[in-house]
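1. Sharing a model that was predicted from the sequence below.
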Amino acid sequence: VLPGHKMVLQGRGYSAVSLLSCGGLVSLILSAVLVPLAFVVVPFLYAFVKPWTFWLVSVVCLYLVVRDQFPFRAFVILSLSGILGFFTLRSFTLSEPLLPLLTGLFGISSSLAALSTAVLPTQFNMGVRVPVLPVMKGSFLGMLSGFLPGIGSSQVASLSKTKSGEEFLVTIGALNASSIVMTLVTASVLGRARSGITAAVLQLSSVVTLSTLLILVLSVLLAGGISFFSVHFIARWVAIHINRLKPRRITIAIIVLNTIVVGLLSGVQGLGVLCIATSIGLLSIHFGCARSHAMGCIIVPVLVGLW
């Protein structure tokens, strides 16, 4: 059970949302302040890291597997998801290949595992204290993640040792926010897109100046501030009414909706990939190893490309 899910089952779902969003907002501000410095430093840092990218990504994967509570099981999940990702992403006939891959490995598999939850407990609005160290740690790791292709926030967060689930949520919130700013910087300086947002930015302009980058970062800050207050408002309402909801029906509806979306966008072939990916996702839950190893569906194809 992930830290956020565990807190919901303990009646502290609103606190989980608060920790995640507070860590993200503070990290967003810190990262924005460092943008001018990153704009200058990133080209030199990237030139230094580029020749070693294959080995750095490999070492990170190996370290996470060895560090897992069940290393062999983690390796099996990494390998299975990697093989599936390699052949799926190489298919020229499959539309939107990442959709069935990630939906099966993480979405539907988690939903199927959650079908046993009949009732959610009453959620309490409890105050939270946001520790400074996890925010700083998450911000730093989020900036580093921009240099390693295929390594997502879940893998980078696993590199950070946290004392509790609360610290993990703050770290992951800070890491995700910092990573957004960093992807804008790398897209501007290096012309490389690591997300849909940066791909859209590069389509608008092939050359992004520092002034344009600052405008983009200010837009991210504005959106982050609005999201911070919006998510607290919505979370407070959900926390009050969540015990009236029927989790099983909602979960089934989510599974059906995801399956329909995959079928419409990726066709019959996509549904086949979805079934295999869901099986691997369920296997990782049964094994009890970290779910992040299923990101091998992206890491393995990236390593093959780098080799």
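-> Thanks, I have it.
2. ranges for the helices of the stretch 51-200 of the chain?
-> Taking DSSP state H, counting those that start in this stretch, the helices of the stretch 51-200 of the chain run over residues 53-67, 71-89, 98-102, 109-113, 132-145, 153-158, 165-190, 196-204.
3. Single out the most deeply packed of the ones you listed.
-> helix 165-190 (a mean of 25; mean count of other Cβ atoms under 10 Å). Glycine gets a C-beta too; all of them are placed from N, C-alpha and C.
4. Against residue 94, how distant is residue 88?
-> Separation of residue 88 from residue 94 (Cβ to Cβ, to the nearest Å): 7 Å.
5. residues shared between the contacts of these two?
-> Each of residue 273 lies in contact with both residue 88 and residue 94 under the rule Cβ atoms under 8 Å, 6 or more residues apart in numbering.
6. out of the helices of the stretch 51-200 of the chain, which comes closest to residue 42?
-> Taking Cβ to Cβ, helix 165-190 is the member of these nearest to residue 42, at 4.8 Å.
7. returning to that earlier point: could you redo the helices of the stretch 51-200 of the chain as a markdown table and give each row distance to residue 271 and mean pLDDT?
-> As requested, the helices of the stretch 51-200 of the chain are arranged in a markdown table below (distance: least, Cβ to Cβ, whole Å; pLDDT from 0 to 100):
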| stretch | distance to residue 271 | mean pLDDT |
| --- | --- | --- |
| helix 53-67 | 29 | 86 |
| helix 71-89 | 13 | 92 |
| helix 98-102 | 7 | 91 |
| helix 109-113 | 15 | 87 |
| helix 132-145 | 32 | 80 |
| helix 153-158 | 26 | 70 |
| helix 165-190 | 30 | 82 |
| helix 196-204 | 23 | 65 |
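8. And stretch 96-103, how far out from the chain middle?
-> Using Cα atoms, centre = their mean, to the nearest Å, the distance from the centre of stretch 96-103 to the centre of the chain it belongs to is 14 Å.
9. so residue 11, which of the three states?
-> Of the three states, residue 11 takes coil under DSSP: H, G, I helix; E, B strand; the rest coil.
10. Next, count neighbours for it.
-> Around residue 11 there are 17 other residues, counting by other Cβ atoms under 10 Å.
11. Does residue 295 touch residue 156 like I think?
-> No - with contact defined as Cβ atoms under 8 Å, residue 295 does not count as touching residue 156 (10.8 Å).
12. one step back: looking at the helices of the stretch 51-200 of the chain, which is closest to residue 3?
-> Closest to residue 3 of the helices of the stretch 51-200 of the chain, according to Cβ to Cβ: helix 165-190, at 3.1 Å.
13. other SSEs contacting the closest one?
-> Judged by 3 or more Cβ pairs under 8 Å, 6 or more residues apart in numbering; DSSP states H and E, helix 165-190 is in contact with helix 3-9, helix 13-33, helix 35-49, helix 132-145, helix 153-158, helix 196-204, helix 210-241.
14. Look up how far residue 261 lies from residue 247.
-> To residue 261, residue 247 is 21 Å away according to Cβ to Cβ.
15. ok, now residue 49?
-> In terms of Cβ to Cβ, residue 49 sits 37 Å off from residue 261.
16. same thing with residue 72?
-> Distance from residue 72 to residue 261, counting by Cβ to Cβ: 35 Å.
17. list the contacts for residue 282?
-> Counting by Cβ under 8 Å, 6+ apart, residue 282 makes contact with 109, 112, 113.
18. my read: the last one touches residue 283, true?
-> In other words, residue 113. No - Residue 113 lies out of contact with residue 283 (Cβ under 8 Å); the separation is 11.2 Å.
19. so the strand or helix carrying residue 298 versus helix 53-67, what angle?
-> Per DSSP states H and E: residue 298 is located in helix 296-306. Computed with axes from the mean of the first three to the mean of the last three Cα atoms, to 10 degrees, the direction of helix 296-306 lies at 150 degrees from that of helix 53-67.
20. what's helix 296-306 packed up against?
-> Where contact means 3+ Cβ pairs under 8 Å, 6+ apart, helix 296-306 is packed against helix 53-67, helix 71-89, helix 98-102.
21. Any idea how many residues pack against the closest residue in space to residue 108 that isn't next to it in sequence?
-> Computed as Cβ to Cβ, 6 or more residues apart in numbering, the closest residue to residue 108 that is not its neighbour in sequence is residue 278, at 4.9 Å. If you count neighbours by other Cβ under 10 Å, residue 278 ends up with 24.
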